[in-house]
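Chemist: Would you be able to build a 3D model of this:
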Amino acid sequence: MKSILIIKTGSTFPAIAKKYGDFEDWIISGTKIPRNKFSIVSPFMGQPLPEQDNFAGIIITGSHSMITEYETWSENIAKWVPKALEIGIAILGICYGHQLLAHAMGGRAGFHPNGFEIGTVKVSKTRFAKDDLLFADLPASLEVQVNHSQSVLKLPPEAKILASNTFEPHQAFVLQKHAWGVQFHPEFNQDIMKCYIMEQKDLLLAQGYDIDQLMSAVRPSLFGEAILNRFCEIALEADKA
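Modeler: Okay, the predicted model is just below:
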């Protein structure tokens with residue numbers, strides 16, 4: 001059985017990593033898949049990207065980098081993604097990975113005109129989610145964890161929006177029925193979300209955010225693990241076919 005590839009596009013804050021681990025740890029622990037069924041590559045650390053068809057699925061993580069920096073390692077991933085999509089491998093892009101997927105496939109990402117979105121927020125499914133492999137079984141609205149100042153400003157051609165809210169119209173999209181981008185963080189739990197708020201406290205205060213209000217509004221996101229598990233099921237089922 002092929003493994004699921006996690007493409008790391010960055011690491012979390014050192015203090016959070018010391019206590020909770022890093023992005024790949026949260027993703028793996030949010031699934032029912034054994035750790036040895038995952039492969040991990042870190043292009044932002046100079047590691048080369050492997051051949052796409054060696055994997056059942058691909059997860060592209062979040063990052064503290066910005067898409068609009070167009071770093072070489074990031075652009076290399078953007079050039080690598082279309083072949084994976086073409087040969088039918090299931091892809092899940094998370095936050096930065098969501099933006100990178102859109103960028104790679106002809107969309108555009110950049111700074112959100114209304115600034116930072118952070119904390120626990122509610123998103124609503126669109127009509128396209130009804131028959132989507134990843135989103136169909138989720139409720140009509142769900143609370144998710146977010147932490148971003150950039151977002152997808154223009155969707156790739158033929159992409160369908162699966163979820164949105166009043167702040168961010170492109171909270172989730174799908175391409176060709178097997179590649180998904182989610183602006184939110186299904187791998188974040190309540191404690192990690194609170195840590196992200198406190199790590200960026202000075203920045204948020206400077207932008208006029210009420211830290212106490214943000215912290216008190218953080219709640220468990222009940223469907224993050226469901227999304228990660230369902231994605232892995234889709235990837236591994238397709239690999240068996």
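
Chemist: Next, count neighbours for residue 52.
Modeler: 18 (other Cβ atoms under 10 Å). Every residue, glycine included, has its C-beta placed from N, CA and C.

Chemist: contacting residues around it?
Modeler: Applying Cβ atoms under 8 Å, 6 or more residues apart in numbering, we find residue 52 in contact with 58, 80, 83-84, 87, 89.

Chemist: Those into CSV, with extra columns for neighbour count?
Modeler: Compiled in CSV, the contacts of residue 52 are given as follows (neighbours: other Cβ atoms under 10 Å):
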residue, neighbour count
58, 25
80, 17
83, 12
84, 23
87, 9
89, 24
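
Chemist: Narrow these to those in strands?
Modeler: Among those, the ones falling in strands (DSSP state E) are residue 58.

Chemist: Closest to residue 239 out of the contacts of residue 52?
Modeler: Ranked by distance to residue 239 (Cβ to Cβ), those are led by residue 89 at 8.8 Å.

Chemist: from what I can see the closest one touches residue 53, true?
Modeler: Yes: counting by Cβ atoms under 8 Å, residue 89 does reach residue 53; the two are 7.3 Å apart.

Chemist: Surely residue 96 and residue 11 touch.
Modeler: No: when contacts are counted by Cβ under 8 Å, residue 96 is not listed as touching residue 11 (11.8 Å).

Chemist: higher neighbour count, these two?
Modeler: Set side by side, residue 96 and residue 11 show unequal neighbour counts under other Cβ under 10 Å, the larger going to residue 96 at 24 against 18.

Chemist: What separation is there between the more buried one and residue 208?
Modeler: For residue 96, the distance to residue 208 under the criterion Cβ to Cβ, to the nearest Å works out to 25 Å.

Chemist: now do residue 103
Modeler: As it turns out, when the distance is counted by Cβ to Cβ, residue 103 lies 29 Å from residue 208.

Chemist: Give me the contact list for the longest helix belonging to the chain.
Modeler: Using DSSP state H, we find that the single longest helix of the chain is helix 224-240. The contact list for helix 224-240, computed with Cβ under 8 Å, 6+ apart, reads 1-2, 4, 27, 30-33, 56-57, 59, 88-90, 92, 133-134, 137-138, 144-145, 178, 180, 182, 185-189.

Chemist: Generate a ChimeraX selection restricted to the buried subset of those residues.
Modeler: With 16 or more other Cβ atoms under 10 Å as the criterion, this ChimeraX line picks the buried residues out of those:
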select :2,4,27,30,31,33,56,57,59,89,90,92,133,134,138,144,145,178,180,182,185,186,187,188,189
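
Chemist: Inside helices: which ones of the contacts of helix 224-240?
Modeler: Per DSSP H, the contacts of helix 224-240 map to helices at residue 27.

Chemist: and the closest residue to residue 149 other than its chain neighbours, how far is that from residue 171?
Modeler: Setting aside the residues directly before and after it, residue 149 is nearest to residue 116 in space (Cβ to Cβ, 6 or more residues apart in numbering), at 4.9 Å. As for residue 116, its distance to residue 171 is 15 Å (criterion: Cβ to Cβ).

Chemist: again, but for residue 188
Modeler: Taking Cβ to Cβ as the measure, residue 188 and residue 171 are separated by 14 Å.

Chemist: can you check residue 78 too?
Modeler: Relative to residue 171, residue 78 is positioned 21 Å away (criterion: Cβ to Cβ).

Chemist: and what of residue 123?
Modeler: Where residue 171 is concerned, residue 123 sits at a distance of 5 Å (Cβ to Cβ).

Chemist: Spit out the residues that contact those two alike.
Modeler: With contacts taken as Cβ under 8 Å, 6+ apart, residue 123 and residue 171 have 144, 163-165, 184 as neighbours in common.

Chemist: Okay, now the unreliable bits of this protein?
Modeler: 241 (pLDDT under 70).
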